[in-house]
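Q: fold the following, please.
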Amino acid sequence: MTMQGKVCLLTGASRGIGRAMALKLANMDTRLLLHARTRASVDRAVSELRELSGNPNIEGFAAEFADQDAVRQMAEQIRGRTDRLDLLVNNAAMFSTQRTMTADDHEMTFAVNHLAHFILTNAVTDLLRAAAPARVVILASEAHQRAHHVEDWESRNGYSGYQAYARSKLANVMFGYDLAHRLEGSGVTVNSCHPGLADTGFVEKMFDRWWARWIVPVAKQFTIPVEEAIVTPMQLATSPAFEGVTGKYFKDGRAIPSSLVSHDPTIGARLWNISLRYTGELPDVEITGEHIAH
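A: Next up, the predicted model:
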């Protein structure tokens, strides 16, 4: 689709894949709304991207995604700045080798990688509808294929940094499917993708243990440049070839099957309801397979 003048919101846009996508979109003469964790990092990204692209229509929003109130405040700020949103790219993510809890009392990886985007996306859905045809692109990962104990979303039964990340990425894929279904017929498409293991510091975080650091040089041989990693999400965000395509999972520019469990309707319904509960939208009651949100 023609991107000139389109309003685009990217999370995690100050570095890595998010920043590379932001620069591409800035060069397409879009209006960019960029998110980063701190005011200093987003201001720096805005300044650099304006200079590199010559595009003055770039604004920054700071929010700590581990803080649900900060995400809500950012959503309100965005709603105060635009009445439409043509593209939402949910990219912000983290990896932690230790189980830590947020101030909202949720496991950090699940909170940042899934719950924050759940809050933000639902808060701006009407802006996407207003701009239809509009697109949501979710940066997931092939790691979701290797998630174990898939409904232990907050790693209550033992913690593995990789498994916490894999489950959060499974949540991303399942959220994408559910959201696509809920927005069917609205003109808003929702797709998730695996960008590839980009050389953005992820490997270093994954093996940040004294006894595992020797693996880093080996693992980095399997990473790809950021410019290569953004190809598929940029296609989903901008290519006319994907107009109207929704509810898919992509890798290397084509739709592929995601894990079997990612299509489980009961687990998907429970994830949606748990997400509502964990973000204060449902009473704090036991979620069962019979308690289905509408």
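
Q: beta partners for Leu33?
A: Leu9, Glu59 (DSSP bridges).

Q: the strands in the stretch 51-200 of the chain, which residues?
A: 58-62, 87-90, 134-139, 188-194 (DSSP state E, counting those that start in this stretch).

Q: which of those strands sits closest to Ser239?
A: With Cβ to Cβ, the closest approach to Ser239 among the strands of the stretch 51-200 of the chain belongs to strand 134-139: 10.1 Å. All C-beta atoms are positioned from the backbone trio N, CA, C, and that covers glycine.

Q: who are the packing partners of the closest one?
A: Where contact means 3 or more Cβ pairs under 8 Å, 6 or more residues apart in numbering; DSSP states H and E, strand 134-139 is packed against strand 87-90, helix 116-131, helix 161-182, strand 188-194, helix 231-238.

Q: got the strands of the stretch 51-200 of the chain as TSV, with distance to Glu48 columns?
A: Converted to TSV, the strands of the stretch 51-200 of the chain look like this (distance: least, Cβ to Cβ, whole Å):
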stretch	distance to Glu48
strand 58-62	10
strand 87-90	18
strand 134-139	21
strand 188-194	25
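
Q: for Arg79, which of these is the nearest?
A: strand 58-62 (11.2 Å).

Q: got any ranges where the chain has weak pLDDT?
A: 1, 198-224, 284-294 (pLDDT under 70).

Q: helix, strand, or coil at the residue lying closest to Asp29 once chain neighbours are set aside?
A: Distances taken as Cβ to Cβ, 6 or more residues apart in numbering put Gln4 closest to Asp29, at 4.5 Å, once the chain neighbours are dropped. When classified by DSSP: H, G, I helix; E, B strand; the rest coil, Gln4 comes out as coil.

Q: give the burial count for Gln4, as a bare number.
A: Residues lying near Gln4 (other Cβ atoms under 10 Å) number 9.

Q: distance of it from Asn27?
A: Distance, Gln4 to Asn27, by Cβ to Cβ, to the nearest Å: 11 Å.

Q: coming back round to it: just send the strands of the stretch 51-200 of the chain back as TSV, with mean neighbour count and distance to Val245 too.
A: Shown next, in TSV, are the strands of the stretch 51-200 of the chain (neighbours: other Cβ atoms under 10 Å; distance: least, Cβ to Cβ, whole Å):
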stretch	mean neighbour count	distance to Val245
strand 58-62	19	28
strand 87-90	27	14
strand 134-139	27	9
strand 188-194	26	6
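
Q: nearest to Thr279, out of those?
A: That would be strand 87-90 among those, by Cβ to Cβ, at 15.1 Å.

Q: cool, thanks, signing off.
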